[in-house]
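In: Sequence isn't available, so here's the structure alone:
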């Protein structure tokens, strides 16, 4: 299963690349996961995910199998296992950056392999959820990078504009225009009952609540997270089909 | 499989249930009909410490007449919605949609409010509730609030019901005399729809005076096909006119792609099913 996401960061490519290497600075933006151990190019961690009635914890590890500073591209291979043994997921995540004037386009390709019960379920809310996840990550990233860069737009500005996450299945049609009615997918819900936590908020053991607000968690490395979270989340998400 | 161990609470009033929810917070799950929660527990996809069963709260059950609205208690079973003569007369669309919801056994356990609060984008009650402009009555520790269906569905499995709140009832504006139809497309009987369309129309002298169209599984939430509704108003209730209006059914949607069909396929399905649903509603 392949997923593709792209987004734009309002910084030039070197600064963006540096940021993606600057683990601690980005860490707080990626929700739900805790990196417990980093050793060279390998990391271990857990992801707690809530989606509707589901609440699961996955333990996983990942490795940078390729990192090219000149091409601004890295590849991470990640594996996750449900703590209760319901299945495993493997993901290969390729992140590539290209300069786009003052800003940088980032493309993330995720190739997922899923085993166990979740694999029985075809319907991919996976794309929905990974879109949402990445959207939140990018909004947070955009705010933080914007705040640290005087020339960039104000950090509190509407994050949808410069950093609209946009995605489509690789074999699918071009991205659909943003839904006009019930734009629950791209816009933060205005009527969301729970207060959205500040992007900088950090907690050691917050769960990734896909059904509501996502609580950012302080993490140690950025790239791993992208792999681990996208991969592990996907696992859970496919599970949805078993709900009836 | 056997669920992980949990404590079971069966309050007999909404206040007791809210108190239990406040006490246990994130560790508690609300049990309505259990048709989604129990499989999740059995597969150990969740392991709450406390399950709060709303099944013994009489005030949450039943359908009553409230002037220009019907009030359906959140714990009213689908089967009771299906059989209720007031629903059949004043909210035919709900009746039609519930007719096709899952199977007989699930309809006898699953509840109307439970399905709405679960908010599966492929669920059969969301789109008709949205199309009819229902209002959701949500109780919390500070009292009761009412949320329009338009604001109720927030995202995938996410509604306006807060962590410490309970959906207690649904207020359905009466649509007396409207024709209604729920057109559901499945490959396996009783399954989730790949796409479904809920349509209610008011026809006066061969002209569509008003129309409500809701879409199931065309995005992260149930959606309202307002472009179709606008295009239908004032048109003759003929196949050509309806076909023309229905061609706009996928506007503004963002349907998922999966093994049952890709996004384009669903967009096409939506137009076809909308035409069928509207024609059936207008003719029926």
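Out: Good, I have the coordinates. Keep in mind that what you see is a predicted model, and the values were worked out from it rather than measured.
In: strand partners of the top strand by length along chain A, parallel vs antiparallel please.
Out: The longest strand of chain A (DSSP state E) is strand A:54-68. Strand A:54-68 has the following sheet partners, assigned by DSSP bridges: strand A:42-51 (antiparallel), strand A:73-82 (antiparallel).
In: Contact residues of the stretch 1-150 of chain B facing chain A?
Out: Within the stretch 1-150 of chain B, the positions lying close to chain A (Cβ under 8 Å from any Cβ of the partner chain) are B:29, B:35-37, B:39-40, B:43-48, B:102, B:106, B:118-122, B:147, B:150. Placement of C-beta: from N, CA and C, glycine included.
In: mind listing the strands for chain B?
Out: B:7-9, B:28-31, B:50-53, B:63-66, B:69-73, B:135-140, B:143-148, B:153-155, B:158-159, B:166-173, B:179-185, B:195-204, B:207-216, B:223-224.
In: Tell me the buried residues in the second one?
Out: Same thing as strand B:28-31. B:28-31 (16 or more other Cβ atoms under 10 Å in any protein chain shown).
In: do the first one as well
Out: For strand B:7-9, the neighbour count (16+ other Cβ under 10 Å) marks residue B:9 as buried.
In: helices or strands up against it?
Out: strand B:50-53 (3 or more Cβ pairs under 8 Å, 6 or more residues apart in numbering or on different chains; DSSP states H and E).
In: Please state the mean pLDDT value computed over the strand it packs on.
Out: Regarding strand B:50-53, the rounded mean pLDDT is 97.
In: Give the other helices and strands that it contacts.
Out: strand B:7-9, helix B:14-24, strand B:28-31.
In: list the contacts for residue B:222?
Out: Contact analysis of residue B:222 by Cβ atoms under 8 Å, 6 or more residues apart in numbering or on different chains lists A:182, B:121, B:123, B:126-127, B:129-130, B:153, B:214-216.
In: circling back: just the mean pLDDT for the longest strand of chain A, thanks.
Out: On average, strand A:54-68 scores 79.
In: quick one, longest helix in chain B?
Out: helix B:263-283 (DSSP state H).
In: what's that one packed up against?
Out: Counting contacts by 3+ Cβ pairs under 8 Å, 6+ apart, helix B:263-283 packs against strand B:179-185, strand B:195-204, strand B:207-216, helix B:226-232, helix B:239-246.
In: how about a cut-off of 10 Å?
Out: In terms of contacts (3 or more Cβ pairs under 10 Å, 6 or more residues apart in numbering or on different chains; DSSP states H and E), helix B:263-283 is packed against helix B:92-99, strand B:179-185, strand B:195-204, strand B:207-216, helix B:226-232, helix B:239-246.
In: okay if I get those as a markdown table plus mean pLDDT?
Out: Converted to a markdown table, the helices and strands packed on helix B:263-283 look like this (pLDDT from 0 to 100):
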| stretch | mean pLDDT |
| --- | --- |
| helix B:92-99 | 97 |
| strand B:179-185 | 97 |
| strand B:195-204 | 97 |
| strand B:207-216 | 97 |
| helix B:226-232 | 97 |
| helix B:239-246 | 97 |
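In: Mean neighbour count and distance to residue B:85 added to these, as a markdown table?
Out: Formatted as a markdown table, the helices and strands packed on helix B:263-283 follow (neighbours: other Cβ atoms under 10 Å in any protein chain shown; distance: least, Cβ to Cβ, whole Å):
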| stretch | mean neighbour count | distance to residue B:85 |
| --- | --- | --- |
| helix B:92-99 | 25 | 10 |
| strand B:179-185 | 24 | 15 |
| strand B:195-204 | 27 | 18 |
| strand B:207-216 | 25 | 21 |
| helix B:226-232 | 21 | 28 |
| helix B:239-246 | 19 | 29 |
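In: which stretches of chain A have low pLDDT?
Out: Counting by pLDDT under 70, chain A contains low-confidence ranges at A:1, A:21-33, A:47-50, A:56, A:84-87, A:114-135, A:137, A:141, A:145-244.
In: And for chain B?
Out: Looking at chain B by pLDDT under 70, you get B:284.
In: Outline the domain layout of it.
Out: B:7-53, B:61-173, B:181-283 (automatic domain parsing).
In: The closest residue in space to residue B:267 that isn't next to it in sequence: what's it in contact with?
Out: Leaving aside its sequence neighbours, residue B:267 sits nearest to residue B:250 (Cβ to Cβ, 6 or more residues apart in numbering or on different chains; 3.7 Å). Residue B:250 makes contacts with A:176, B:195, B:215, B:218, B:223, B:225, B:227-228, B:263-264, B:266-271, B:274, as judged by Cβ atoms under 10 Å, 6 or more residues apart in numbering or on different chains.
In: Contact partners for residue B:190?
Out: Residue B:190 makes contact with A:244, B:100-106 under the criterion Cβ under 10 Å, 6+ apart.
In: Now that residue B:141 has come up, it's in contact with residue B:19, right?
Out: Yes. Contact criterion Cβ atoms under 10 Å: residue B:141 and residue B:19 qualify, at 8.0 Å.
In: For the two, work out which one has more neighbours and name it.
Out: residue B:19 (15 against 11; other Cβ atoms under 10 Å in any protein chain shown).
In: surely that one meets residue B:28?
Out: No. Assessed by Cβ under 10 Å, residue B:19 is found out of contact with residue B:28, at 11.1 Å.
In: what touches both of the two?
Out: By Cβ under 10 Å, 6+ apart, residue B:19 and residue B:28 have these common neighbours: B:9, B:52.
In: need the domains of chain B in CSV with distance to residue A:57, can you?
Out: Putting these into CSV (distance: least, Cβ to Cβ, whole Å) gives the following:
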stretch, distance to residue A:57
domain B:7-53, 10
domain B:61-173, 18
domain B:181-283, 24
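In: what's the closest of these to residue A:105?
Out: Residue A:105 lies closest to domain B:181-283 among the domains of chain B, at 21.6 Å (Cβ to Cβ).
In: thinking again about what came up before, CSV please, covering the strands paired with strand A:54-68 and showing distance to residue A:4.
Out: Below are the strands paired with strand A:54-68 laid out as CSV (distance: least, Cβ to Cβ, whole Å):
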stretch, distance to residue A:4
strand A:42-51, 21
strand A:73-82, 15
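In: got those as CSV, with mean neighbour count columns?
Out: Supplementary listing: the strands paired with strand A:54-68 in CSV, determined by neighbours: other Cβ atoms under 10 Å in any protein chain shown:
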stretch, mean neighbour count
strand A:42-51, 22
strand A:73-82, 22
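In: Tell me which of the domains of chain B lies nearest to residue A:7.
Out: Evaluated over the domains of chain B, closeness to residue A:7 peaks at domain B:181-283, with 16.9 Å, by Cβ to Cβ.
In: Does residue B:204 touch residue B:235 like I think?
Out: No. At 11.9 Å, residue B:204 does not count as touching residue B:235 under the criterion of Cβ under 10 Å.
In: Residue B:5 is in contact with residue B:44, correct?
Out: No. Between residue B:44 and residue B:5 there is no contact under Cβ under 10 Å: 11.2 Å.
In: and residue B:282, how many neighbours does it have?
Out: 28.
In: what residues are up against it?
Out: B:178-181, B:199-203, B:206-208, B:211, B:232, B:235-239, B:241-242.
In: Please pick the buried ones from the contacts of residue B:250.
Out: Buried by 16+ other Cβ under 10 Å: A:176, B:195, B:215, B:218, B:223, B:225, B:227-228, B:263, B:266-267, B:269-271, B:274, out of those.
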